[in-house]
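Trainee: Build the 3D model from these lines:
(one chain, ligands or ions: 1)
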Amino acid sequence: MSEVNDREYLKDKKRIVIKIGSSSLVHHKTGSLNLVKIEKLVRLITNMSNEGRDVVLVSSGAIAVGVKALGLDSRPNDKAKEQACAAVGQARLMMVYQKLFSEYLKTTAQVLMTKNTMIDMTSRHNARNTFEELLKMHVVPVVNENDTVATDEIEFGDNDTLSAIVAALVGADLLILLSDIDGLYTDDPRTSENAEFISTVEMIDEKILSMGKGAGSRVGKGGMYTKISAARIATDSGADMVIANAADLSVLEDIIEGKEVGTLFKAHKNIDFHLIDYIAENKSIN
Ligand code: GLU
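Mentor: As a prediction, this is how the structure comes out:
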(Lines give C-alpha, C1' and ligand atoms only; values in the text may rest on other atoms or scores of the structure.)
Protein backbone atom coordinates (compact mmCIF):
# COMPACT_ATOMS: atom_id res chain seq x y z
CA MET A 1 0.00 0.00 0.00
CA SER A 2 1.28 3.49 -0.75
CA GLU A 3 0.07 6.93 0.27
CA VAL A 4 1.75 8.76 -2.62
CA ASN A 5 -0.47 10.34 -5.27
CA ASP A 6 1.13 9.09 -8.45
CA ARG A 7 -1.88 8.80 -10.67
CA GLU A 8 -0.82 11.18 -13.43
CA TYR A 9 -0.14 8.21 -15.70
CA LEU A 10 -3.84 7.30 -15.73
CA LYS A 11 -4.33 10.24 -18.13
CA ASP A 12 -2.67 8.20 -20.87
CA LYS A 13 -4.94 5.19 -20.62
CA LYS A 14 -5.98 4.17 -24.10
CA ARG A 15 -8.30 1.22 -23.69
CA ILE A 16 -10.74 1.37 -20.79
CA VAL A 17 -13.36 -1.09 -19.58
CA ILE A 18 -16.01 0.47 -17.33
CA LYS A 19 -18.34 -1.69 -15.26
CA ILE A 20 -21.49 -0.32 -13.68
CA GLY A 21 -23.60 -2.37 -11.29
CA SER A 22 -27.39 -2.70 -11.11
CA SER A 23 -27.56 -0.81 -7.82
CA SER A 24 -26.03 2.23 -9.54
CA LEU A 25 -28.48 2.16 -12.45
CA VAL A 26 -31.82 2.06 -10.64
CA HIS A 27 -33.57 4.23 -8.07
CA HIS A 28 -33.44 2.34 -4.80
CA LYS A 29 -36.96 3.29 -3.78
CA THR A 30 -38.74 2.23 -6.96
CA GLY A 31 -36.39 -0.12 -8.81
CA SER A 32 -36.92 1.94 -12.00
CA LEU A 33 -34.00 3.13 -14.12
CA ASN A 34 -32.19 6.29 -13.03
CA LEU A 35 -32.22 7.94 -16.45
CA VAL A 36 -30.34 11.06 -15.37
CA LYS A 37 -27.49 8.90 -14.21
CA ILE A 38 -27.50 6.66 -17.27
CA GLU A 39 -27.56 9.70 -19.52
CA LYS A 40 -24.50 11.09 -17.76
CA LEU A 41 -22.72 7.75 -18.01
CA VAL A 42 -23.41 7.63 -21.74
CA ARG A 43 -22.28 11.25 -22.24
CA LEU A 44 -19.02 10.72 -20.37
CA ILE A 45 -18.26 7.47 -22.17
CA THR A 46 -18.99 9.06 -25.54
CA ASN A 47 -16.65 11.89 -24.64
CA MET A 48 -13.88 9.47 -23.70
CA SER A 49 -14.40 7.72 -27.02
CA ASN A 50 -14.37 11.10 -28.81
CA GLU A 51 -11.02 11.82 -27.12
CA GLY A 52 -9.63 8.82 -28.97
CA ARG A 53 -9.85 6.21 -26.24
CA ASP A 54 -11.35 2.76 -26.75
CA VAL A 55 -14.16 2.25 -24.26
CA VAL A 56 -16.10 -0.91 -23.40
CA LEU A 57 -19.07 -0.70 -21.03
CA VAL A 58 -19.99 -3.73 -18.95
CA SER A 59 -23.49 -3.02 -17.69
CA SER A 60 -25.53 -5.05 -15.25
CA GLY A 61 -29.21 -4.38 -14.86
CA ALA A 62 -30.89 -6.93 -17.14
CA ILE A 63 -32.53 -8.83 -14.30
CA ALA A 64 -33.36 -5.70 -12.26
CA VAL A 65 -35.00 -4.04 -15.29
CA GLY A 66 -36.85 -7.26 -16.18
CA VAL A 67 -38.18 -7.65 -12.63
CA LYS A 68 -39.60 -4.14 -12.83
CA ALA A 69 -40.98 -4.56 -16.37
CA LEU A 70 -42.81 -7.75 -15.41
CA GLY A 71 -44.27 -6.18 -12.29
CA LEU A 72 -42.59 -8.58 -9.86
CA ASP A 73 -41.90 -7.52 -6.26
CA SER A 74 -38.39 -8.92 -6.17
CA ARG A 75 -35.85 -10.98 -8.07
CA PRO A 76 -37.32 -14.51 -8.45
CA ASN A 77 -35.54 -17.47 -6.84
CA ASP A 78 -36.57 -19.74 -9.68
CA LYS A 79 -33.83 -19.93 -12.36
CA ALA A 80 -36.15 -19.98 -15.40
CA LYS A 81 -38.13 -17.00 -14.09
CA GLU A 82 -34.92 -15.09 -13.43
CA GLN A 83 -33.76 -15.88 -16.97
CA ALA A 84 -37.10 -14.69 -18.34
CA CYS A 85 -36.57 -11.43 -16.43
CA ALA A 86 -33.11 -11.10 -17.96
CA ALA A 87 -34.50 -11.69 -21.48
CA VAL A 88 -37.06 -8.91 -21.05
CA GLY A 89 -34.72 -6.58 -19.15
CA GLN A 90 -31.66 -6.87 -21.38
CA ALA A 91 -33.66 -5.78 -24.43
CA ARG A 92 -35.10 -2.81 -22.53
CA LEU A 93 -31.72 -1.85 -21.14
CA MET A 94 -30.17 -1.88 -24.61
CA MET A 95 -33.05 0.16 -25.98
CA VAL A 96 -32.27 2.87 -23.42
CA TYR A 97 -28.51 2.71 -24.06
CA GLN A 98 -29.01 2.87 -27.83
CA LYS A 99 -31.36 5.82 -27.55
CA LEU A 100 -29.00 7.79 -25.33
CA PHE A 101 -25.80 6.92 -27.22
CA SER A 102 -27.45 7.85 -30.50
CA GLU A 103 -28.35 11.27 -29.06
CA TYR A 104 -24.61 11.86 -28.82
CA LEU A 105 -24.04 10.42 -32.32
CA LYS A 106 -22.30 7.37 -30.93
CA THR A 107 -22.91 3.86 -32.22
CA THR A 108 -23.20 1.15 -29.63
CA ALA A 109 -23.35 -2.65 -29.82
CA GLN A 110 -24.49 -5.47 -27.59
CA VAL A 111 -22.10 -8.29 -26.65
CA LEU A 112 -23.50 -11.08 -24.46
CA MET A 113 -21.08 -13.64 -23.09
CA THR A 114 -21.00 -16.83 -21.05
CA LYS A 115 -18.04 -18.64 -19.54
CA ASN A 116 -18.06 -20.92 -22.61
CA THR A 117 -17.30 -17.89 -24.77
CA MET A 118 -13.97 -17.71 -22.99
CA ILE A 119 -13.21 -21.39 -22.44
CA ASP A 120 -13.90 -22.46 -26.03
CA MET A 121 -10.92 -21.35 -28.12
CA THR A 122 -12.91 -20.61 -31.28
CA SER A 123 -15.55 -18.58 -29.43
CA ARG A 124 -12.84 -16.70 -27.55
CA HIS A 125 -11.02 -15.77 -30.73
CA ASN A 126 -14.28 -14.74 -32.35
CA ALA A 127 -15.21 -12.60 -29.35
CA ARG A 128 -11.77 -10.94 -29.31
CA ASN A 129 -11.94 -10.25 -33.05
CA THR A 130 -15.44 -8.79 -32.70
CA PHE A 131 -14.32 -6.45 -29.91
CA GLU A 132 -11.30 -5.38 -31.99
CA GLU A 133 -13.46 -4.60 -35.01
CA LEU A 134 -16.02 -2.68 -32.95
CA LEU A 135 -13.32 -0.61 -31.24
CA LYS A 136 -11.58 0.06 -34.55
CA MET A 137 -14.92 1.44 -35.79
CA HIS A 138 -15.23 3.63 -32.62
CA VAL A 139 -18.32 1.72 -31.52
CA VAL A 140 -18.94 1.35 -27.77
CA PRO A 141 -19.63 -2.32 -26.97
CA VAL A 142 -22.12 -2.79 -24.12
CA VAL A 143 -21.41 -6.14 -22.51
CA ASN A 144 -23.38 -8.33 -20.13
CA GLU A 145 -23.47 -11.95 -19.19
CA ASN A 146 -25.94 -13.85 -21.36
CA ASP A 147 -28.15 -14.44 -18.32
CA THR A 148 -30.96 -15.86 -20.45
CA VAL A 149 -29.00 -19.01 -21.29
CA ALA A 150 -26.30 -19.13 -18.59
CA THR A 151 -26.63 -21.93 -16.06
CA ASP A 152 -24.46 -22.58 -13.00
CA GLU A 153 -21.91 -24.47 -15.10
CA ILE A 154 -21.40 -21.76 -17.68
CA GLU A 155 -22.02 -18.57 -15.75
CA PHE A 156 -19.44 -16.07 -14.54
CA GLY A 157 -21.97 -15.24 -11.83
CA ASP A 158 -21.16 -11.56 -11.40
CA ASN A 159 -20.19 -8.70 -13.64
CA ASP A 160 -17.16 -7.69 -11.57
CA THR A 161 -15.52 -10.92 -12.70
CA LEU A 162 -16.93 -10.61 -16.22
CA SER A 163 -15.55 -7.08 -16.63
CA ALA A 164 -12.07 -8.16 -15.52
CA ILE A 165 -12.17 -11.03 -17.99
CA VAL A 166 -13.29 -8.66 -20.75
CA ALA A 167 -10.44 -6.29 -19.79
CA ALA A 168 -7.98 -9.18 -20.11
CA LEU A 169 -9.53 -10.37 -23.39
CA VAL A 170 -9.32 -6.97 -25.11
CA GLY A 171 -5.94 -6.04 -23.59
CA ALA A 172 -7.36 -3.03 -21.73
CA ASP A 173 -4.93 -0.87 -19.76
CA LEU A 174 -7.56 0.28 -17.25
CA LEU A 175 -10.64 -1.27 -15.66
CA ILE A 176 -13.00 0.95 -13.68
CA LEU A 177 -15.57 -0.69 -11.38
CA LEU A 178 -18.34 1.75 -10.52
CA SER A 179 -20.18 0.68 -7.42
CA ASP A 180 -22.11 2.00 -4.43
CA ILE A 181 -18.98 2.15 -2.27
CA ASP A 182 -16.01 4.55 -2.41
CA GLY A 183 -13.42 1.82 -2.72
CA LEU A 184 -11.61 -0.58 -0.44
CA TYR A 185 -11.63 -0.14 3.33
CA THR A 186 -9.72 -2.12 5.94
CA ASP A 187 -13.14 -3.20 7.28
CA ASP A 188 -16.81 -2.77 6.32
CA PRO A 189 -17.38 1.01 6.75
CA ARG A 190 -21.12 0.44 7.28
CA THR A 191 -20.52 -1.54 10.42
CA SER A 192 -17.07 -0.57 11.67
CA GLU A 193 -16.06 2.93 12.81
CA ASN A 194 -12.42 1.97 12.59
CA ALA A 195 -12.59 1.15 8.89
CA GLU A 196 -9.82 3.01 7.05
CA PHE A 197 -9.88 3.86 3.37
CA ILE A 198 -7.16 2.38 1.17
CA SER A 199 -6.17 4.58 -1.75
CA THR A 200 -3.66 2.36 -3.53
CA VAL A 201 -3.02 -1.37 -3.54
CA GLU A 202 0.37 -2.32 -4.95
CA MET A 203 -0.06 -6.06 -4.49
CA ILE A 204 -3.09 -8.23 -3.67
CA ASP A 205 -2.04 -10.37 -0.73
CA GLU A 206 -3.95 -12.36 1.89
CA LYS A 207 -4.41 -9.22 3.99
CA ILE A 208 -6.12 -7.39 1.11
CA LEU A 209 -8.27 -10.44 0.29
CA SER A 210 -9.45 -10.65 3.90
CA MET A 211 -10.66 -7.03 3.72
CA GLY A 212 -13.22 -7.93 1.08
CA LYS A 213 -15.11 -10.48 3.08
CA GLY A 214 -18.61 -9.50 4.09
CA ALA A 215 -19.07 -6.17 2.29
CA GLY A 216 -21.73 -6.42 -0.41
CA SER A 217 -24.39 -4.31 -2.07
CA ARG A 218 -28.15 -4.65 -1.97
CA VAL A 219 -29.22 -4.92 -5.60
CA GLY A 220 -26.37 -6.47 -7.61
CA LYS A 221 -24.44 -9.66 -7.10
CA GLY A 222 -20.87 -8.51 -6.61
CA GLY A 223 -19.58 -7.68 -3.14
CA MET A 224 -16.10 -6.42 -2.29
CA TYR A 225 -14.69 -9.93 -2.46
CA THR A 226 -15.66 -10.30 -6.11
CA LYS A 227 -14.13 -6.87 -6.76
CA ILE A 228 -10.81 -7.94 -5.28
CA SER A 229 -10.97 -11.17 -7.30
CA ALA A 230 -11.62 -9.02 -10.36
CA ALA A 231 -8.62 -6.89 -9.42
CA ARG A 232 -6.48 -10.00 -9.35
CA ILE A 233 -7.52 -10.95 -12.88
CA ALA A 234 -7.13 -7.39 -14.20
CA THR A 235 -3.78 -6.60 -12.57
CA ASP A 236 -2.25 -10.00 -13.39
CA SER A 237 -3.32 -9.39 -17.00
CA GLY A 238 -1.57 -6.02 -17.06
CA ALA A 239 -4.45 -3.58 -16.45
CA ASP A 240 -4.74 -1.12 -13.59
CA MET A 241 -8.08 -1.22 -11.83
CA VAL A 242 -9.96 1.48 -9.93
CA ILE A 243 -12.99 0.89 -7.69
CA ALA A 244 -14.98 4.12 -7.37
CA ASN A 245 -18.35 5.33 -6.16
CA ALA A 246 -20.98 5.74 -8.87
CA ALA A 247 -22.99 8.19 -6.72
CA ASP A 248 -21.50 11.05 -8.78
CA LEU A 249 -20.36 9.81 -12.17
CA SER A 250 -18.01 12.79 -12.57
CA VAL A 251 -15.68 10.41 -10.78
CA LEU A 252 -15.01 8.90 -14.21
CA GLU A 253 -13.47 12.17 -15.38
CA ASP A 254 -11.56 12.48 -12.11
CA ILE A 255 -10.04 9.03 -12.58
CA ILE A 256 -8.75 9.70 -16.07
CA GLU A 257 -7.50 13.14 -15.01
CA GLY A 258 -5.28 11.31 -12.51
CA LYS A 259 -7.09 12.59 -9.40
CA GLU A 260 -6.85 10.53 -6.27
CA VAL A 261 -10.36 9.07 -6.11
CA GLY A 262 -11.40 5.51 -5.35
CA THR A 263 -9.00 2.64 -4.75
CA LEU A 264 -6.34 2.00 -7.38
CA PHE A 265 -5.04 -1.55 -7.79
CA LYS A 266 -1.79 -1.36 -9.71
CA ALA A 267 -1.11 -3.57 -12.71
CA HIS A 268 1.78 -6.00 -12.46
CA LYS A 269 1.67 -8.30 -15.44
CA ASN A 270 2.18 -11.82 -14.19
CA ILE A 271 3.59 -14.13 -16.85
CA ASP A 272 2.46 -17.15 -14.83
CA PHE A 273 -1.16 -16.01 -14.94
CA HIS A 274 -3.22 -17.97 -17.45
CA LEU A 275 -6.65 -16.45 -17.84
CA ILE A 276 -8.34 -19.48 -19.33
CA ASP A 277 -7.04 -21.86 -16.65
CA TYR A 278 -8.20 -19.38 -14.04
CA ILE A 279 -11.72 -19.21 -15.52
CA ALA A 280 -11.97 -22.98 -15.91
CA GLU A 281 -10.80 -23.59 -12.33
CA ASN A 282 -13.00 -20.97 -10.69
CA LYS A 283 -16.50 -22.36 -11.19
CA SER A 284 -17.94 -19.55 -9.14
CA ILE A 285 -15.86 -16.99 -7.32
CA ASN A 286 -18.73 -15.86 -5.08
N1 GLU B 1 -25.85 -9.96 -15.32
C2 GLU B 1 -26.71 -9.52 -14.25
C3 GLU B 1 -27.78 -8.57 -14.79
O4 GLU B 1 -27.57 -7.92 -15.79
C5 GLU B 1 -25.99 -8.78 -13.17
C6 GLU B 1 -24.87 -9.49 -12.49
C7 GLU B 1 -24.27 -8.61 -11.39
O8 GLU B 1 -25.02 -7.88 -10.71
O9 GLU B 1 -23.05 -8.65 -11.22
O10 GLU B 1 -28.80 -8.44 -14.18
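Trainee: Helices along this protein, start to end?
Mentor: 22-25, 35-50, 62-69, 79-103, 115-119, 121-136, 159-170, 206-211, 224-236, 251-256, 275-281 (DSSP state H).
Trainee: Redo those as TSV? Include mean pLDDT.
Mentor: Below are those laid out as TSV (pLDDT from 0 to 100):
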stretch	mean pLDDT
helix 22-25	94
helix 35-50	98
helix 62-69	96
helix 79-103	97
helix 115-119	92
helix 121-136	96
helix 159-170	96
helix 206-211	85
helix 224-236	92
helix 251-256	98
helix 275-281	80
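Trainee: looking at those, which is closest to residue 263?
Mentor: Set against residue 263 and scored by C-beta to C-beta, the helices of the chain come closest in helix 224-236, at 8.7 Å. Where you see a C-beta, it was placed from the backbone N, CA and C, and this is true even at glycine.
Trainee: what about that closest one and the ligand, touching?
Mentor: No. Using C-beta under 6 Å from any ligand atom, helix 224-236 stays clear of the ligand, with a minimum separation of 7.7 Å.
Trainee: Stretch 115-132 too?
Mentor: No. Stretch 115-132 is not in contact with the ligand by C-beta under 6 Å from any ligand atom; minimum separation 12.7 Å.
Trainee: outside of that stretch, which residues touch it?
Mentor: 56, 111, 113, 141, 150, 153-156, 165-166, 169-170, 275-276, 279-280 (C-beta atoms under 8 Å, 6 or more residues apart in numbering).
Trainee: Weed out the non-buried ones from these.
Mentor: 56, 111, 113, 141, 150, 154-156, 165-166, 169-170, 275, 279 (16 or more other C-beta atoms under 10 Å).
Trainee: Include distance to residue 182 when you put those residues into CSV, please.
Mentor: Below are the buried ones among the contacts of stretch 115-132 laid out as CSV (distance: C-beta to C-beta, whole Å):
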residue, distance to residue 182
56, 24
111, 29
113, 29
141, 27
150, 30
154, 33
155, 29
156, 25
165, 24
166, 24
169, 28
170, 27
275, 29
279, 29
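Trainee: Could you dump the helices of the chain into a markdown table and include distance to residue 244?
Mentor: Shown next, in a markdown table, are these (distance: least, C-beta to C-beta, whole Å):
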| stretch | distance to residue 244 |
| --- | --- |
| helix 22-25 | 11 |
| helix 35-50 | 12 |
| helix 62-69 | 21 |
| helix 79-103 | 21 |
| helix 115-119 | 26 |
| helix 121-136 | 23 |
| helix 159-170 | 13 |
| helix 206-211 | 17 |
| helix 224-236 | 11 |
| helix 251-256 | 5 |
| helix 275-281 | 24 |
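Trainee: Among those, show me which one is buried the most.
Mentor: helix 159-170 (a mean of 27; mean count of other C-beta atoms under 10 Å).
Trainee: for it, packing partners?
Mentor: Applying 3 or more C-beta pairs under 8 Å, 6 or more residues apart in numbering; DSSP states H and E, one finds that helix 159-170 contacts strand 15-20, strand 54-59, helix 121-136, strand 140-145, strand 174-179, helix 224-236, helix 275-281.
Trainee: closest one to residue 203 among those?
Mentor: Here helix 224-236 is closest among these (C-beta to C-beta), at 8.6 Å.
Trainee: Adding distance to residue 160, write the helices and strands packed on helix 159-170 out as TSV.
Mentor: As requested, the helices and strands packed on helix 159-170 are arranged in TSV below (distance: least, C-beta to C-beta, whole Å):
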stretch	distance to residue 160
strand 15-20	7
strand 54-59	9
helix 121-136	19
strand 140-145	11
strand 174-179	6
helix 224-236	4
helix 275-281	14
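Trainee: Looking at these, which is nearest to residue 261?
Mentor: Among these, strand 174-179 sits nearest to residue 261 (C-beta to C-beta), with 10.4 Å.
Trainee: Can that closest one be said to contact the ligand?
Mentor: No. Figure legend: strand 174-179 not in contact with the ligand (C-beta under 6 Å from any ligand atom); closest approach 10.2 Å.
Trainee: what angle separates that strand from helix 159-170?
Mentor: 170 degrees (axes from the mean of the first three to the mean of the last three C-alpha atoms, to 10 degrees).
Trainee: and strand 174-179 with strand 54-59, angle?
Mentor: Going by the same axes, to 10 degrees, strand 174-179 makes 30 degrees with strand 54-59.
Trainee: Tell me which strands strand 174-179 pairs with, and in which orientation.
Mentor: Here strand 174-179 has these sheet partners by DSSP bridges: strand 15-20 (parallel), strand 240-245 (parallel).
Trainee: Cheers, nothing more for now.
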